[in-house]
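Peer 1: Quick one, what's the 3D model for this:
(chains A and B)
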Amino acid sequence: MGTLEDYALKSMHLAKMTGIMMGVHAIKDAFLLMHTGVGCKYKTAAQLSQHDWATHPNKKEGWTQVGDRAVIKGSSGRIGPFARSWAERRDPGFMAVVSAVFLELTGEDFSDTVRKTEEDGFPCPMAFLGTGGAAGDFYQGYAAMQLAVAKKLHWKTEESERRAGEVGLLGHMFTRYEADQRADLGQMKVLMKALGLTMGPCIFSGVNYEGLTDIGKAEHIIQLPYTRPVKKKLKRVVKRGDIPELHLPIGIAGTSRWLRELAEITGVSRGRAEAYIRQNEAKTLKQVSKLRERFAGSGVAIIADTPLAAGLTSMLTEFGFRPMYIGLRDSSLGQRALFDEWLEKDGCKLPEGAVVVENPSLKTLREELVSRFQRGQVRGMIGSSTDTQLIQQTRIPNFRPFVLQMGFPTTKYHVTYSIPTYGYGGVMAVAQRILDQILSVV
Amino acid sequence: MVSVEFKEKRSLDEGFWQDVEARTKGNLGQPCCTLSGISFGLITMPGDFAVVIHGEHECAACFHHVGPSVDQFYCVGLNEDDFTSGETRDKLRDCLEVVAKETKPDVIFVLGACPVEVIGDRFETTVEEISQATGIPMVSLHTSGLKVGSQAAMLDWMFETLASLPPVDREKMAWISSEKAFFMENHVQHMARLPPKEKTLNLIGLPEWRKGTIPEWYHVFSEVGLNVIGNLPYGANLDVWRSLQHASATFVADRRLYPKMFNVLEGFGQEIVEVPLPIGVKQTNGFYEIIGRHFGLEKEIKEAVAERKAKAVAELEKFSGRVNGIHMAMGLRMLNNYRADQLAYEGLGDVEAIKEMGFDLKLLVQGPPEDRFRARFEETFNQLGCTLPFDIFPEPWGISKRLKEGGYEAAYLADHCRNEAREANVPMVVSRELQPFYDGVRANLIRMGKTLEQVLDL
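Peer 2: Numbers count the residues shown, from 1 in each chain, chains lettered A, B, ... in the order given. Sure thing, here's the model as predicted:
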C-alpha cells in the first residue's frame, strides 16, 4: 500500500514536457511543435507565462491539433505539414517536436517522422523529444532538450581551432528573459574574467541557436548541475572525456570554491584565483554584516532543487541564519547525497535538528512549514511561488513570516534591473532581498 | 534560405490543410482540455474535498499548481506498463483508499487523463466500489484532452457536477460565505438566521470581486432584504455549491453557456434569469433592474444604488468628454483561461462599458481569416446585438503590425500582447481588468486614464 505522500502533488510536479519547453524558451529563436493533446499546451505555457514577464512562451509554440480522430487514424502524418507551416511563419533557428504519453502508446514512430521531415530540406535543425517511457521530471525535460541541441552541434574540433581561454558551458538553468537571469550570466562572466578566461557559448542562456553553434571551439567545456540527468549521454556526444562539473556559484564559500575549481580545470594559477578570492571575500563579508549582526540565529526554510538548495543553505548559513527545514524539489539532480557533499565542500554544517526532505509534497510542506512557524523554529522561507503560496494562504496567528521567491516558477517576483543570485554580487543582492522581506513583516 | 525541396514538400501539404479545414468548419471556440479546465476550477475552490488524477504524473502538470486546495490534489502515477497491460485498477484503488482513509474528505473527484481514455479504462467501476466501501462520495469524470471541446462546455460540465453533489441541509446551508472570513465576522447577526428561500438568490458567472473587500452587491441586496448564496465560481467553496438549491432564483451572465447546470437548478424549482455582465454604468443598471423586477423590489433597489450610481454617472460623463472618439482595438478569442466572465457573451461583456467611456471601438478577433468564418462571427455578434466593425487575425504575434496599420490609439487586449502593443507604441489595457458594478466605474476610469494618458492628454 502506498502512502499519502506517494500520491500527493509535489512541490515540483511539473512535467518533463514543461522542462523541454523551458529549454526551448531558453533559446531565443527556438520553437516547440507539440504533437500532443490540447491540455499539454498548459504543461508548456501555464507556469512559464506568469514566470517570465519579458518573453511570452505562446510565441514559441504550436500544436498539431491532435484529437481522438487523429489517434484512431494515425497522427504522425500531421507532424510534417504543421512543422513546415510553422517554420515558414516563424523562421525558427531550431525546432523541437514533443509528443505525449498517450500518443506514444499507439506505437507510431514519431522520431522517424521528425527525422524525415528534417531531411526533406527543413530550414533549421529539428529534434524529437518523447515524454513516455520512464517517468521524467521537469529537470529531465530540460536536460533532454540540452542533449537534443548538443547532438546537433559540431564538437569535433582540432586543438588548433579552439579559442584559448574560452569556457563553453552546459547545464545552466535559464528560465526567463528578465534581468535576474542576465545578472547571473554576468556574474559568471565576471568570475571567469578574474581568472583571465572568457565565457563562451552557454547552453542555455537566452541567445539564438546560432549563438550556440560554435561551442565546440571553446578551449574548455564545463557543465553546471542541470545536465545531471543526461550526463553520460552528453559525454558521448561531446567526446572530450569527462566533462568537469561545477556546482552553482552561490554564497561566499560557494563562489570561492567555484573559482578555485574552475582555475584548476582550466589550468589557471592558484595564486591568481586566491588573490581575487581574498579581495572579494573580505569585501562581501563586510557588506552583509548588517544582516548577520541583526538577524543571526533566525531559523529559515529553503525549498529548492538540489543544486540551488545547497547553494542557498551555504549562503544563508554565512548570513548567520539557521536552515532548519530544507526541501529538495527534484528527483534527478542528485538529491540528499549531492546536497551533503556540496555543503561539506563549502565547510557548511547544518544546525542540530535541521531536517532535509526529498521531493516533498505540497501537503507535507504546508504542514511542516506552518508547524515550524507556529513553534517559532523558523522565521521565514525561500522557495518557488508554488511553495510560498502555501504560507501566504495560511493564517498564522500573531505571526508573519518573511517570504522570498526563488526558483521556478516565481510568479510574484519580477525584476527590472540586475539582481543576481550567483557570485559575490549575488551574495549582496540576496542579502538585500532578505533584508527587505524581513523588514516588511517586522 | 528556404530550399526548393522544402517548397515542394510544402506545396504537397495542401491536401492535408484542406482536410483540416473541412473538419474544423463551424468549430469556432478555443479548444479545451477538460482535465486541465476542471483541475483549474477545483484547485481554486476551498472546501473539504480531494481530487485524484487518474493518469501519469506528466498529466498532473496541465494546470496551475496554485490555489487554496493545491494540497488536496493527488495523482495515481500510472506508467507505460500500466497502460499497455490495462492494469490500472489496483493503483487507483490503493490511491483512493489511502486518500479516503487519511484525509476523510466530503467528496473525492476522480479525473481521467488522455492515456486512460485511449485504453478505454472504465475506472468508474473501481471508484464506485471504493466509494461504497469507504462511505465517501466519489465522482468519476472522464476528463481528457482527447475529445476537444469548448471552454464553455467544460465549465458547464464542472458546474453541473458540483451542483449535483449531495446538498447540505438547509440548516447548515452556506450563504454569503464565498467572501473573506472578516466579512462573516462583521455580519454575524445575519448568520444567526436562515434566509427565506423566496428572498435568496444565486449569482453565476459575474466578474470576480476584488479580494479582501465586500462586494457592492452585498451592500445593495442586504439593504433590500435579499440574500445571496454565492457569486459562483469565484470564491465559492464546496459548501456554497452544495447549497445552491436553497435559493429561489439564479441570475446568470449568459445563460447559453450552462444548459446542463440549469437542468439541475430547474430541477430544484428555480427560475433562471439572464443578466448582463455588470461592467460600466449601463450594464450595471440592467443588472439591478432585472433583479429588482424579479423580486418586486425595483423601487427599493433603485434607492439603494442611487448614490453609487450618481457618482459613477458623474465620473463617466467627465471622462467620456475627454476621450471623445479615441480609436481603440478590442481583442477577442485570445485567451484560454476558463474564466466564466471572459467567456460570457462571446467575450463582448466589456463592449458597452468601453463604448460609454467614449472610445471608438473596433474588434480584433483571433481566428481563421477565411471569409466563411467571418460570416459566422458576424452572425454570432449580431445575435448578441453587437454590430461593431471587426477584423480577424490568425496569430497574436502579428498584432503589433495590425495596431500600427489600423491607426489605433489604444488597445484592450489579452495580457500576452503587452510586448506587441509596446512595439506598436499603442497604450494597452489588459482585457477583463475592468471592475464590475458602479463602484468599479471610478476604478476603471482611473485605470484607463493612467494607461492612456499619452493619448488622452489628461
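Peer 1: For the residue in the stretch 51-200 of chain B positioned nearest to chain A, which residues are in contact?
Peer 2: When distances are taken as Cβ to the nearest Cβ, the stretch 51-200 of chain B approaches chain A most closely through residue B:145, which lies 3.2 Å from it. In this view, the C-beta of every residue, glycine as well, is placed from N, C-alpha and C. Neighbouring residues of residue B:145 by Cβ atoms under 8 Å, 6 or more residues apart in numbering or on different chains: A:36, A:37, A:38, A:39, A:40, B:33, B:34, B:35, B:36, B:62, B:114.
Peer 1: So the second one lies in a helix, does it not?
Peer 2: No. The assignment for residue A:37 by DSSP: H, G, I helix; E, B strand; the rest coil gives coil, which leaves it out of any helix.
Peer 1: Tell me, what's the model's pLDDT at residue 57?
Peer 2: Unless you meant another one, I'm taking chain A. Residue A:57 is assigned 88 on the pLDDT scale.
Peer 1: wrong chain, I was asking about chain B
Peer 2: In the predicted model, residue B:57 carries a pLDDT score of 91.
Peer 1: Isn't it up against residue B:76?
Peer 2: No. Residue B:57 is beyond contact range of residue B:76, at 9.1 Å (criterion: Cβ atoms under 8 Å).
Peer 1: Any idea how many residues pack against residue 389?
Peer 2: Looking at chain A here, since you left the chain open. By other Cβ atoms under 10 Å in any protein chain shown, 22 other residues sit near residue A:389.
Peer 1: meant chain B, my bad for not saying
Peer 2: Going by other Cβ under 10 Å, the residues that sit close to residue B:389 add up to 8.
Peer 1: Residues in contact with stretch B:370-390: which ones?
Peer 2: Taking Cβ under 8 Å, 6+ apart as the rule, stretch B:370-390 contacts B:21, B:25-26, B:28, B:332, B:345-346, B:348, B:351, B:361-365, B:367, B:392.
Peer 1: List the buried residues of it.
Peer 2: Using 16 or more other Cβ atoms under 10 Å in any protein chain shown as the burial criterion, the residues of stretch B:370-390 that qualify are B:373, B:374, B:377, B:381, B:386, B:390.
Peer 1: For chain A, see how far away the last one is.
Peer 2: Taking Cβ to the nearest Cβ, to the nearest Å as the criterion, residue B:390 is separated from chain A by 22 Å.
Peer 1: ok, now which ones touch the closest residue to residue B:197 other than its chain neighbours?
Peer 2: Excluding the flanking residues, the one nearest residue B:197 by Cβ to Cβ, 6 or more residues apart in numbering or on different chains is residue B:248, at 5.2 Å. Contact partners of residue B:248, counting by Cβ under 8 Å, 6+ apart, are B:197, B:198, B:199, B:200, B:201, B:269, B:270, B:271.
Peer 1: Just the buried residues from those, in ChimeraX please.
Peer 2: For anyone working in ChimeraX, the buried entries among the contacts of residue B:248, judged by 16+ other Cβ under 10 Å, can be selected with:
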select /B:197,199,200,201,270
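Peer 1: okay, among the contacts of residue B:248, which ones form the most distant pair?
Peer 2: B:199 and B:269 (15.2 Å; Cβ to Cβ).
Peer 1: Quick one: residues in contact with stretch B:348-355.
Peer 2: Counting by Cβ under 8 Å, 6+ apart, B:253-254, B:276-277, B:279-283, B:328, B:330, B:332, B:341-342, B:361, B:381, B:384, B:386, B:388, B:412, B:431-432, B:434, B:444 sit against stretch B:348-355.
Peer 1: from those, which would you call buried?
Peer 2: Neighbour-count burial within the contacts of stretch B:348-355 applies to B:253-254, B:276-277, B:279-281, B:283, B:328, B:330, B:332, B:341-342, B:361, B:381, B:386, B:412, B:431-432, B:434, B:444; the criterion is 16+ other Cβ under 10 Å.
Peer 1: just checking, which of these belong to strands?
Peer 2: Assignment to strands by DSSP state E places the following of the buried ones among the contacts of stretch B:348-355 there: B:253, B:328, B:330, B:332, B:361, B:412.
Peer 1: give me the beta-bridge partners of the first one?
Peer 2: Following DSSP bridges, residue B:253 is listed with bridge partners residue B:275.
Peer 1: which secondary structure element contains residue B:273?
Peer 2: When secondary structure is defined using DSSP states H and E, the element that contains residue B:273 is strand B:271-275.
Peer 1: Alpha carbons of that strand, in PDB - could you do that?
Peer 2: Extracted as PDB, the C-alpha positions of strand B:271-275 are listed here (Å, rounded to 0.1, in the frame of the first residue of the first chain):
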ATOM      1  CA  GLU B 271     -36.000  30.300 -12.100                       C
ATOM      2  CA  ILE B 272     -33.000  31.000 -14.300                       C
ATOM      3  CA  VAL B 273     -32.800  34.700 -15.200                       C
ATOM      4  CA  GLU B 274     -30.100  36.200 -17.500                       C
ATOM      5  CA  VAL B 275     -28.400  39.400 -16.500                       C
END
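Peer 1: can you list contacts of that strand?
Peer 2: B:248-255, B:262, B:265-266, B:286-287, B:290-291, B:294.
Peer 1: Please indicate which of those residues are buried?
Peer 2: With neighbours counted using 16+ other Cβ under 10 Å, these contain these buried positions: B:248-255, B:262, B:265, B:286-287, B:291, B:294.
Peer 1: give the contact list for residue A:165.
Peer 2: With contacts taken as Cβ under 8 Å, 6+ apart, residue A:165 has the following neighbours: A:196, A:197, A:198, A:219, A:266.
Peer 1: who's in contact with the closest residue to chain A within the stretch 251-400 of chain B?
Peer 2: Closest contact between the stretch 251-400 of chain B and chain A, by Cβ to the nearest Cβ, is at residue B:397 (5.0 Å). If you count contacts by Cβ under 8 Å, 6+ apart, residue B:397 has them with A:59, B:420.
Peer 1: again with residue A:409
Peer 2: Contact criterion Cβ under 8 Å, 6+ apart gives A:47, A:48, A:50, A:51, A:384, A:385, A:386 as the residues in contact with residue A:409.
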